[in-house]
Each structure stands twice: as structure tokens, then as C-alpha cells.
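Sequence and predicted structure, then a few things I'm wondering about:
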Amino acid sequence: MKTPRAGVGGPWFVVCAALLVGGLGLEFTTDAAPAFWIGAKPGAAAAIGAGAAVFAVIAANLARLTLARRGEGSDDADRS
Amino acid sequence: MPIALNPGFVLLLAAPLTLALPRGLRPPAIAVAALAALWLVLGRDFGVAGFIRQMGVEMATLQLDALNQVFGIALLITLVLIGAYTSGRQNRFEDAAILTLAGGAVSALFAGDHLILFVAAASLAGLGATWVVFASPHPDAPRAGVRFLVWHGLESLFFLVGAALHLVQHGEAIEVRVDTGSLSGGFIFAALMIRVGAPLAHVWLKDAVSRASPAGAAALSAFTAMLGVYALARFFPAEPMLMPVGAAMIAIGAFYAVAEDDLRSAASYAQIANIGLCLALIGIGSRLSLAAVEGHAFTIIIVFSALQMSLGCVVQIWGGARASILAGVGRVAPIACACLIVAGLAVAGAPGFAMYPTLTAALAAAAQWETRWLWLMFSGLSAVLFAALVLRPALLLYRAGATPPPIANAAYGMLLGSVLGAFFCIAIGLAPQWLFSLTPSELTMSPFAPDRLARQIELLGAAGAAFLAMYAVRLFPRERQTNLLDLDTLYRGPVAGAGRWIGIVALRIFGAGQRGIDLLSNTLGQAAGVVMRQLDHPYRVRLAAAAELAALAGLVLVAALAGRS
């Protein structure tokens, strides 16, 4: 088997960017029900999604900094 | 004439049978038992049947309605998938344990409003769940099983007290809803908080799932906590306390799901977050929100079982499902990893996958000014889980650079179960109307309306692009083999240490007390021996004899005086 030279980060980024652009385009061109608050207005979902990604990165860093212990011993023996 | 038999009893009857069956017949027996139970669910009209009288209390063994039908169908479909999955390995004790767990959970569902039978069946399901953990070959399984047993013991105690008080105050059946303000309601509510993995009790699910076998993990995901969601929807609809509890579960689950190294634990935390979403919807209490709970619970049961089955295949092939060791596995186990990505997309609510329609129903139910914070959390949760259970595993599984070993597949049965699970993840997502038609107040919304579809793909696209950009510039921490501290560390670490210390001190005090008693009894015995020996020789002239004589004379004098008066 050949050694893979590239991961899947690039293709996934292209797909996500296409989804973002497509979603924004569709949202701004569709007649939607009136938004019940600012978070439901067109374009707000992109901000929520980006905010959630930032939350994910901060949470992962915070958890690794404060809660992580080196995995050793039987706790890490995942073989079943 | 339809048979008035609780469908869960079929599974309970099949459980001991599987202990005696040869290996090749056990998986079909599980699937046939599940299909027979499904036939019992679908083969009769709604209503109450199977009345029995026990210890002066009359109860019905079967109550079929729209609420428990939805949960029952989901659990029994999942059991069929698990039946296929178990053919990939041999462990008759685990097969029997899974059937006991499933039988208890399904029996509890169809106990309906009859509290005693519900509590008995739920406790049986708890015992079955601990048996599943004990039956696992994982080296930490016995200790995890004991911890799990303690949680279920506590839950059963609360259930027992609550049911007993309810029986005294209100009778056996629950008429409308249980009041959390009453003593009986409070105990039942506390028991259900443990069952669903509410904050402070949220650790048992990931502790048990990460130590269970692949098949056991799928069974635990489907049959344990989801029974609690059902019970809360039945006994505590529109309970306002459930909204903050659910929100806390979403926050805790999302926080740990992105950071956990062990992907099986991460999936359990993601399930906790989704259960929190269900609790918040029950707390809202409108007809739409309760219908959304049922739909979402249905998809949680199937999707998280499928996710655990896929992860189980990875565990079997690679020896573990830790993110830190998964680089390049996608090229070694292509089918299992494809199923994992499909299940991850379903968990994230990607359009066309199982959780998307029920997530849109949940968002519609929370789309009010008063509950906008819940709406925001529901939206954010799907984006966080997209990063945690789709992008992060995909980047690791298909990482560049490493030369992978040759393709290896899990056992055929395990792959079959995973592929069937992935099929359901897609089928429900593409055609959700049949699921919506099962809910008590039929959902009439269209999840594929352009505005809803646009919103969700925009949300996931933005989350994915932002996450991948931060991943590329190494803002996301490097994968390392770590264990994250959670509340269980407290009772496994300091509290367990304090317990051991208290035990040692108590043993020392007990030993010192015993030694003191021995010394005292020896001294008293010697003194008594001396007195007895002296009594054996009353004729010996000594001071003690004079004292005895004086005491005897004194007694005679007292008796004489008493006789005169």
C-alpha cells in the first residue's frame, strides 16, 4: 500500500466552506418566517457555528491543561 | 385475539435460554426474541391489559400507548442490530446480560403508569447493565462494574422509597404526573436523575461504556439512560427544573466530548449532552416539545448504538479507540471507519442523517423568546459535536504520512451490525415522516424546508471551516494519551482514599477495643477465680473469711430488721 502524502483536512475544509457559502446563499434568498430573536436572523447560524468551533478549541485546551493526567496503567488498557 | 404479554417478558425469557444455546444460535436467538417483542408491540391496539394481583395490589402488566411505542420500537430495532453484532464474538454470559438489560428496560417501558412494575423492571435492567460490564473482558471491568453497581444500588434505593411512599399516599398507578414537591415525587425524581446521568451522576455512563465490550457498550448506550428519559417524559412532563438540568448536561457533555482522548468516552459524553437536550425539551412541556423529545430519543437510541458499534470494530482491529493512537486507521479498517463517520454525521445533525429531523423539531420547540438560551445551546451542540465526532476523528483516521499496515477487518458480524446501524442513520434522516407519524402529537413540520436546511448547513459549514482553520494552525491541542479528570476521579481518588483511611482507622479502633475487652475479661476472670477458690476453702483462717462472716452477719441483721418492720 502506498504511503498517503496528504490528509483529509483540505477536502473537508473545501466541503465545509461550500456548505457555508451555500447555506448563506440559500438563507438570504429564501423567504423565512420572522426571526424570534437575533440568533435566528439570516447569517446568525454562521456566527453560532464559528463560536461553537472556538468553544471546542478552548474547551479542549482548557481540559488538557487543567484536567488531563497521563494515561498509564490499566486505565488505558482498551483491549477488549 | 392479540396476546396481552408485556414484550419485555419475551426478552427476559430468552435471556436464560441463551446461556444454554450453542454459539451459532445465540445471535439469531437475540434477533428472534427482539422481533417477537416487536411483533407484540405492533400487533395490538393501545390500551391496558394483563391484570394481575400481587400482595393485595392490582396492577396491569401491559400498557401500550403512543409514548412507550416509540421508545419500544427504537429499543427493539437496536436489539436486532446488536444481535447481528454479537455474532462477531463469543461470550454467552454477555449475551444473557444484554437480553436481561433489554428485557428489563422494555418491560419497564410497557409497565406504563404502574409504578411498582416500572420500578421492579427498571431495577432488573440496572442489574442486567452491571452484568454487562462484569461480563466484559476489559481488565478494568470488575472495578467499573462495582462502581456501576453502587450507582444502581443508590438509584434503586431512591426508587424503592419513592414507590413505597407513593403507594401509601396515592395508590399504585400514577394518574397524571408526579409532583417533585412531594416526598415520593422527590425520591422518584432523584432516582431518575441518576438514571439519565444528570450533573454529579453523569460519570457512570462513560465509566461503564468505556470498560464494556464493543457489544456491551452499544447495549448500555441504548438501554440504560434512555429509559430514564422515557420515565421523565411520562411522570414529569413540563417540570421546569429539567430545563437548567438539561442545559448543564449539554454544557458538560459538549466540554468533555471535544477533549476526551478515548473516543468511546467522548461518544458517551455526546450522548449525555443529547440526553440533556431531551430533558430541556421535557421541561419546556409543550405538545411540540414533548413530540420532539420522543423523536429525538428514538434517534439517540439508534445513532449512539451505531456509533458505539463502529468504535467497537475499531477497538477490535486496533486494540483501542483512543484518538492518540488512531492515526491512519481509516486506511486499515475502511468499512468500520466509514460507518464511524456516518454515525458521527448523524450525531452532529447533518442534513440527510438521523438526528437532523429531530434536531429541527427540537429547535422549533425551543424557538420562543423565553427559551432562546436553550435554542442557542441546541444549535451550538450540533456544531460542537460536528467538530468532536466527525472532523477530529476524520483528521486522525485518514492522517497523512504514516505507512499503514495491510487492511484488516473486524469480525463479519460486527461489521454487519455497524453497517446496519449506519443504514438506519441514513434511512431515518432521509425519510423521517414515518418516525414523526409515530409521535403522540404528530409532528407536521417539514425538516427539509429551505430555511431550516439552509440554517443547518450554514451552521455546520461555519463550524467546520473555523475548526479546521484552527486545527491547521495548531490551536487545537496535540493528541496525547491522557485521562481527563471528572467527578469519578473524586470518588475513585480522594473519596476512595478517605474511605480506605476511615476503614483502617475503624479496624484499628475495633482491634484496640477487642484487646481492651480481652484484657478486662482476663482480669475479671482471674479475680473471679480467686474468689471462687476462696469460697472452696471457707474453713481457712484468714482475713477474707472474717470479712465473709461479717457480711453474712450483716445480711442476717438486715433481714431481721426488715422482718420486724
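Cool, the structure landed.

Low-confidence stretches in chain B?
Where chain B drops to pLDDT under 70, the residues are B:1-3, B:172, B:175-176, B:401-404, B:442, B:537-542, B:565.

and if you look at chain A?
A:1-6, A:71-80.

can you give me the helices in it?
Under the criterion DSSP state H, helices of chain A are mapped to A:9-29, A:44-66.

Reformat those as a markdown table; add distance to chain B.
All C-beta atoms are positioned from the backbone trio N, CA, C, and that covers glycine. Formatted as a markdown table, the helices of chain A follow (distance: least, C-beta to the nearest C-beta, whole Å):
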| stretch | distance to chain B |
| --- | --- |
| helix A:9-29 | 3 |
| helix A:44-66 | 3 |
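
out of these, deepest packed?
Highest mean neighbour count of those: helix A:44-66, a mean of 20 (counted as mean count of other C-beta atoms under 10 Å in any protein chain shown).

Which strands and helices lie in contact with that one?
Helix A:44-66 is packed against helix A:9-29, helix B:242-259, helix B:372-386, helix B:450-472, with contacts defined by 3 or more C-beta pairs under 8 Å, 6 or more residues apart in numbering or on different chains; DSSP states H and E.

Need the residues that contact that helix.
Outside helix A:44-66, the residues that touch it by C-beta atoms under 8 Å, 6 or more residues apart in numbering or on different chains are A:20, A:23-24, A:27, A:35, A:38-39, B:254-256, B:258-259, B:376, B:379-381, B:383-384, B:387-388, B:455-456, B:458-467, B:470, B:475-477, B:480, B:482, B:484.

Any quick ChimeraX command for the buried ones out of those?
Buried residues within the contacts of helix A:44-66, by 16 or more other C-beta atoms under 10 Å in any protein chain shown, are selected in ChimeraX with:
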select /A:20,23,24,27,39 /B:254,255,256,258,259,376,379,380,381,383,384,387,388,455,456,458,459,460,461,462,463,464,465,466,467,470,476,477,482,484
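
and the helices and strands packed on helix A:44-66 as JSON lines, adding distance to B:F159?
Shown next, in JSON lines, are the helices and strands packed on helix A:44-66 (distance: least, C-beta to C-beta, whole Å):
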{"stretch": "helix A:9-29", "distance to B:F159": "46"}
{"stretch": "helix B:242-259", "distance to B:F159": "18"}
{"stretch": "helix B:372-386", "distance to B:F159": "28"}
{"stretch": "helix B:450-472", "distance to B:F159": "39"}
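
Tell me which of the ones you listed sits nearest to B:R564.
Nearest to B:R564 among the helices and strands packed on helix A:44-66 is helix B:242-259; the distance by C-beta to C-beta comes to 82.6 Å.

Which SSE is immediately downstream of the closest one?
helix B:263-284 (DSSP states H and E).

Can you list the buried residues in the helix or strand following that next one?
Toward the C-terminal end, the helix or strand that comes next after helix B:263-284 (DSSP H and E) is helix B:287-318. Under the neighbour-count criterion of 16+ other C-beta under 10 Å, helix B:287-318 has B:288-318 buried.

Starting from helix B:287-318, tell me the next helix or strand along the chain.
Going down the chain from helix B:287-318, the next helix or strand is helix B:329-332, by DSSP H and E.

which helices and strands sit right next to that following helix?
helix B:287-318, helix B:392-397.

could you dump those helices to TSV with distance to chain A?
TSV is the format used below for the helices and strands packed on helix B:329-332 (distance: least, C-beta to the nearest C-beta, whole Å):
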stretch	distance to chain A
helix B:287-318	6
helix B:392-397	6
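
Can you name the helix or strand that the closest residue to B:H296 other than its chain neighbours falls in?
Leaving aside its chain neighbours, B:H296 sits nearest to B:T358 (4.1 Å; criterion: C-beta to C-beta, 6 or more residues apart in numbering or on different chains). Assigned by DSSP H and E, B:T358 falls within helix B:355-366.

Mind giving me the packing neighbours of that helix?
helix B:263-284, helix B:287-318, helix B:372-386, helix B:412-430, helix B:433-438, helix B:450-472.

6 Å - rerun?
Secondary-structure packing of helix B:355-366 (3 or more C-beta pairs under 6 Å, 6 or more residues apart in numbering or on different chains; DSSP states H and E): helix B:287-318, helix B:372-386.

Among those helices, which comes closest to B:M414?
That would be helix B:287-318 among the helices and strands packed on helix B:355-366, by C-beta to C-beta, at 5.2 Å.

From the chain's centroid, how far away is that closest one?
Distance, stretch centre to chain centre, for helix B:287-318: 14 Å (C-alpha atoms, centre = their mean, to the nearest Å).

got the angle for that helix vs helix B:372-386?
For helix B:287-318 against helix B:372-386, the angle by axes from the mean of the first three to the mean of the last three C-alpha atoms, to 10 degrees is 20 degrees.

Tell me which other helices or strands helix B:287-318 touches.
Counting by 3+ C-beta pairs under 6 Å, 6+ apart, helix B:287-318 packs on helix B:66-86, helix B:214-223, helix B:225-235, helix B:263-284, helix B:334-347, helix B:355-366, helix B:412-430.

Helix B:225-235 and that one, what's the angle between them?
Per the same axes, to 10 degrees, the angle that helix B:287-318 makes with helix B:225-235 is 170 degrees.

quick one, helix B:287-318 and helix B:263-284 angle?
Using the same axes, to 10 degrees: helix B:287-318 against helix B:263-284 is 170 degrees.

B:E155 reaches B:A191, doesn't it?
Yes - B:E155 is in contact with B:A191 according to C-beta atoms under 6 Å; the separation is 4.8 Å.

so how many other residues sit close to B:V505?
As a burial measure, B:V505 scores 10 neighbours (other C-beta atoms under 10 Å in any protein chain shown).

hang on, the earlier thing: can I get the helix holding B:T358 in CSV, CA atoms only?
Written as CSV, here are the backbone C-alpha positions of helix B:355-366 (Å, rounded to 0.1, in the frame of the first residue of the first chain):
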residue,chain,number,x,y,z
MET,B,355,-30.7,13.4,14.1
TYR,B,356,-31.2,16.2,11.7
PRO,B,357,-35.1,16.0,11.5
THR,B,358,-35.5,15.5,15.3
LEU,B,359,-33.0,18.3,16.0
THR,B,360,-35.0,20.7,13.8
ALA,B,361,-38.1,19.7,15.7
ALA,B,362,-36.3,20.4,19.0
LEU,B,363,-35.2,23.8,17.7
ALA,B,364,-38.8,24.6,16.6
ALA,B,365,-40.0,23.7,20.1
ALA,B,366,-37.5,26.0,21.7
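
from the chain's centre, how far out does that helix sit?
24 Å.

tell me the angle it makes with helix B:334-347.
Using the same axes, to 10 degrees: helix B:355-366 against helix B:334-347 is 10 degrees.

that older thread, could you check which of B:E155 and B:A191 is surrounded by more residues?
Comparing B:E155 with B:A191 by other C-beta under 10 Å, the one with more neighbours is B:A191, at 25 against 22.

That one reaches B:F158, doesn't it?
Yes - if you go by C-beta under 6 Å, B:A191 and B:F158 touch, sitting 3.7 Å apart.

secondary structure class for B:N483?
strand (DSSP: H, G, I helix; E, B strand; the rest coil).

With that, I have no additional questions.
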